[in-house]
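Visitor: sequence unknown, structure follows:
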């Protein structure tokens, strides 16, 4: 899901929505490939070679997938960028 906070329309809005869906699909596919593993947003950014994708976009995808019941957020944390703690997510059962 793309949150249209910038009031885009037409083809630009269509393109942004498709890009967001593609990110969600890539992230969900990764979790399905590694069903027993847990990852931080930074893990996914690196593993999926999405370094040019803002971490906020990856977090948005994770939130969408969590809200849709595909992922679960764990209480466990791991170091992320700048060694700051980040929650881990895994595939919902």
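Guide: Structure received. Fair warning: this is a prediction, and the values are worked out from it, not measured in the lab.

Visitor: Let me know the helix or strand that residue 58 is in.
Guide: helix 55-67 (DSSP states H and E).

Visitor: now swap in residue 77 and tell me
Guide: Assigned by DSSP H and E, residue 77 falls within strand 71-79.

Visitor: tell me which strands and helices that strand is in contact with?
Guide: On a contact count with 3 or more C-beta pairs under 8 Å, 6 or more residues apart in numbering; DSSP states H and E, strand 71-79 meets helix 55-67, strand 85-91. To be clear about C-beta, it is placed using only N, CA and C from the backbone, and glycine gets the same treatment.

Visitor: now it: mean pLDDT?
Guide: Strand 71-79 shows an average pLDDT of 96 in the prediction.

Visitor: Could you do stretch 49-67 as well?
Guide: Averaged across stretch 49-67, the pLDDT comes to 92.

Visitor: What residues of it count as buried?
Guide: Neighbour-count burial for stretch 49-67 flags 50, 53, 55, 57, 58, 59, 60, 61, 62, 64, 65 (criterion: 16 or more other C-beta atoms under 10 Å).

Visitor: Give the full set of residues in contact with the residue lying closest to the fourth one once chain neighbours are set aside.
Guide: If I follow you right, that is residue 57. Spatial nearest neighbour of residue 57, excluding adjacent residues (C-beta to C-beta, 6 or more residues apart in numbering): residue 23 at 6.1 Å. Applying C-beta atoms under 8 Å, 6 or more residues apart in numbering, we find residue 23 in contact with 50, 53, 57, 58, 60, 61.

Visitor: Lovely, talk soon.
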